[in-house]
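[1] all I have is the shape, not the residue letters:
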């Protein structure tokens, strides 16, 4: 049974990609329905795998054993969890696309790439072979590039896709180097073999593997200093943003760290490096989210920050906490992105300053969005609260008080930008900023005023309420995914204990310590550290709410705000790197003869040289 379920979970989306593409763009309704059918069936197959998890390979196919080893798929709980997230949330984004992509050109290409993306992510997390994990890793990179640059007539989208591809390919090179080093010493691409015998590798070799894998994870999950590709990816259609942020691409890096944690945790300095990268990313991401008015970029910076929190959890040894938060984040971040998509589709702009008051016209979207934002902020009784608190208490319990305090500060900033985002989109309206700067300001004075400086960002705030052309919103494709995700955000924490025991059963090398749900809830609720975190979270909300009364604070931190608005200089740095790489590639065009035989001969010779060097080493 697991054999066929795994095959179907991967092959159904891929088959759907081919069929939807072949239908042709002149029949868009058929394309919509076929894409939903194949993604939904894949999600169902992934769910059916949950009670059938095992740490033994369910599929083992000889695939050139001398060179590549066997093609194996292992339905352990870690892989099945990620597969369920990829397929179920992926199918919800496909349903949402049924409304969002109405009237768009190239639907066949869009759905084909989305379905290929989902199937590739499933293959990545269920693969029992390092070699095939790398192949699926590269397939997800290709899909993300093509989807980010889907609107090929938009130079920003094309540049965003190219930046994402080049930065993540740097991590792909690191992953390949680590995989080849493992094979050179163990003579096997088998992942369980590496987890069991990784300690037998010489110290320098194991350290090289650990840090090249960390490089791969940092680029894939948009961690410092490789985080800049993710905000640029916001030029993709919003359902694609939800897919990348919640279900597929960025989860792969965290998965890589968790999967190989037992073999790598003992490397001197490795866990410290993981913690520092995650902490810097979490803090920077929250600051950048607090200083932008682009709704999608706010959510992108939020994803960067939350991924940093998950990476920190891995570094401090909170493997279950990291996966609990990954699952929670997948639900509430998909909810937030799809809610943002509904808003953008309705008002025709991504600028939050040109929104406001949408609660009256979009009540269901607004209520669902608030649930997602509250989970992001760590409001009690929502999934994000329990998973975040578990990470904080794990850090404190495992002897990292400085990590705990930094994460608490990040939680306060997260609460501030979550409230800010909800207020600007659904509650406030344009006169708010004038009333903050001048409490005596009257609404009538608003007429004729062109712009004002925002006290947080010092950026011009347009006086118009909406820009672009509003679009009628189809009810079911927009509302159904939001309601499902909102319910998941409200209730998913109730199975936290069962999820922990389920993970522990098929991860023999990770030594997970888990508690039943009631004990977990009691431990978090009664812990004094939770009270401090809640106080800081509440303070973050209050400080933003009272920002008009403490403008001197915003101006005192003006240099930090300006740096955050410009991505702390990393966008400029990465743009220079991308430009230089493209220039280097262009210079080497002279070596391309146009003769396929010569090109293939050069590739084969280079690969042979690399393999000889590795094996002799």
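    Great, that's in hand. Being a predicted model, the structure only gives us computed values, none of them experimental.
[2] just the element for the residue nearest to residue 422 when sequence neighbours are not counted, please.
    Setting aside the residues directly before and after it, residue 422 is nearest to residue 373 in space (CB to CB, 6 or more residues apart in numbering), at 5.0 Å. For every residue, glycine as well, the C-beta is placed using N, CA and C. With secondary structure defined by DSSP states H and E, residue 373 is part of helix 363-377.
[3] just checking, what packs against that helix?
    Secondary structure elements in contact with helix 363-377, counted by 3 or more CB pairs under 8 Å, 6 or more residues apart in numbering; DSSP states H and E, are helix 319-347, helix 383-397, helix 401-422, helix 475-491, helix 528-545.
[4] what comes into contact with the fourth one?
    Going back to what we said before, that points to helix 475-491. 89, 92-93, 95-100, 328, 331-332, 334-335, 338-339, 341-342, 345, 364-365, 367-369, 371-372, 375, 381-384 (CB atoms under 8 Å, 6 or more residues apart in numbering).
[5] and after that helix, which helix or strand comes next?
    Downstream of helix 475-491, the next assigned helix or strand under DSSP H and E is helix 496-505.
[6] what separates that following helix from the chain centre, distance-wise?
    Helix 496-505 sits 23 Å away from the centroid of its parent chain (CA atoms, centre = their mean, to the nearest Å).
[7] what's the answer for stretch 520-529, then?
    28 Å.
[8] what lies in contact with that stretch?
    Outside stretch 520-529, the residues that touch it by CB under 8 Å, 6+ apart are 386, 389-390, 392-393, 396, 404, 496-497, 500, 514-515, 530.
[9] check stretch 256-273 too.
    So stretch 256-273 is in contact with 78, 175, 191, 194-195, 198-199, 206-207, 209-211, 213-214, 216-217, 220, 274, 311, 314-317, 319, 322-323, 509-511, going by CB under 8 Å, 6+ apart.
[10] try it again with 7 Å
    The contact list for stretch 256-273 (CB atoms under 7 Å, 6 or more residues apart in numbering) reads 78, 194-195, 198, 206-207, 210, 213-214, 216-217, 274, 311, 314-315, 319, 322-323, 509-510.
[11] quick revisit: mind checking which of the contacts of helix 475-491 are buried?
    With burial judged by 16 or more other CB atoms under 10 Å, the buried subset of those is 89, 92-93, 95-100, 328, 331-332, 334-335, 338-339, 341-342, 345, 365, 368-369, 371-372, 375, 382-384.
[12] just the pLDDT at residue 560, thanks.
    Note on residue 560: pLDDT of 65.
[13] all strands for the chain, in order.
    59-62, 70-73, 451-453, 460-462 (DSSP state E).
[14] rank the ones you listed by mean pLDDT and give me the bottom one.
    Looking at the strands of the chain, the bottom one is strand 451-453 with a mean of 33.
[15] to residue 299, which of the helices and strands packed on helix 363-377 lies closest?
    Comparing the helices and strands packed on helix 363-377 by their distance to residue 299 (CB to CB), the top pick is helix 319-347, with 5.6 Å.
[16] any low-confidence regions in this protein?
    Counting by pLDDT under 70, the low-confidence segments of the chain come to 64-68, 429-476, 547-558, 560-566, 574-575, 577-578, 582, 589-599, 610-617.
[17] longest helix in it, by residue count?
    helix 155-186 (DSSP state H).
[18] just the buried residues of it, please?
    Under the neighbour-count criterion of 16+ other CB under 10 Å, helix 155-186 has 157-169, 171-172, 174-186 buried.
[19] what's the answer for stretch 57-64, then?
    With burial defined by 16+ other CB under 10 Å, the residues of stretch 57-64 counted as buried are 57-60.
[20] okay, now the domains of the protein?
    Per the record, the chain has its domains at 269-505+527-551, 576-616, by automatic domain parsing.
[21] so for residue 231, which of these sits nearest?
    Proximity to residue 231 (CB to CB) singles out domain 269-505+527-551 among these, at 4.5 Å.
[22] now that closest one, how far from the centre of its chain.
    Worked out by CA atoms, centre = their mean, domain 269-505+527-551 lies 14 Å from the chain centre.
[23] all helices for the stretch 501-617 of the chain, in order.
    Remark: helices assigned in the stretch 501-617 of the chain by DSSP state H, counting those that start in this stretch are 517-526, 528-545, 551-556, 558-565, 570-587, 596-616.
[24] now the angle from the first one to helix 496-505?
    Helix 517-526 runs at 120 degrees relative to helix 496-505, counting by axes from the mean of the first three to the mean of the last three CA atoms, to 10 degrees.
[25] show me what counts as buried in helix 517-526.
    Neighbour counts over helix 517-526 (16+ other CB under 10 Å) mark 517, 520-521, 524 as buried.
[26] adding distance to residue 224, write the residues you listed out as CSV.
    Output for the buried residues of helix 517-526, formatted as CSV (distance: CB to CB, whole Å):
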residue, distance to residue 224
517, 34
520, 30
521, 33
524, 28
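[27] pick the one among those closest to residue 535.
    residue 524 (15.1 Å).
[28] quick one: that closest one from residue 43, how far?
    Residue 524 is 30 Å from residue 43, where distance means CB to CB, to the nearest Å.
[29] how about residue 137?
    22 Å.
[30] go on, residue 94?
    Plainly put, residue 94 is 10 Å away from residue 43 if you go by CB to CB.
[31] between those two, point out the one with more neighbours.
    The neighbour comparison of residue 94 against residue 43 (other CB atoms under 10 Å) goes to residue 94, with 28 against 25.
[32] which residues are in contact with that one?
    35-36, 39, 114.
[33] JSON lines for these, including distance to residue 422 and neighbour count?
    Listed next are the contacts of residue 94 as JSON lines, based on distance: CB to CB, whole Å; neighbours: other CB atoms under 10 Å:
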{"residue": "35", "distance to residue 422": "31", "neighbour count": "29"}
{"residue": "36", "distance to residue 422": "30", "neighbour count": "19"}
{"residue": "39", "distance to residue 422": "30", "neighbour count": "27"}
{"residue": "114", "distance to residue 422": "29", "neighbour count": "29"}
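[34] max pairwise distance over these: which two?
    It's 36 and 114 that sit farthest apart of the contacts of residue 94, by CB to CB, at 10.8 Å.
[35] thinking again about what came up before, so can I have a markdown table of the contacts of residue 94 showing distance to residue 400?
    As requested, those are exported to a markdown table (distance: CB to CB, whole Å):
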| residue | distance to residue 400 |
| --- | --- |
| 35 | 45 |
| 36 | 45 |
| 39 | 40 |
| 114 | 39 |
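[36] nearest to residue 125 among those?
    Closest to residue 125 out of the contacts of residue 94 is residue 39 (16.6 Å), distances taken as CB to CB.
[37] check contacts around the nearest residue to that closest one once chain neighbours are set aside.
    Spatial nearest neighbour of residue 39, chain neighbours left out: residue 91 (4.0 Å); criterion: CB to CB, 6+ apart. Residues in contact with residue 91, defined by CB under 7 Å, 6+ apart, are 39-40, 43.
[38] filter the contacts of stretch 256-273 to the buried ones?
    Counted by 16+ other CB under 10 Å, the contacts of stretch 256-273 give 78, 194-195, 198, 206-207, 210, 213-214, 216-217, 274, 311, 314-315, 319, 322-323, 510 as buried.
[39] in helices, which of these appear?
    78, 194-195, 206-207, 210, 213-214, 216-217, 274, 311, 314-315, 319, 322-323.
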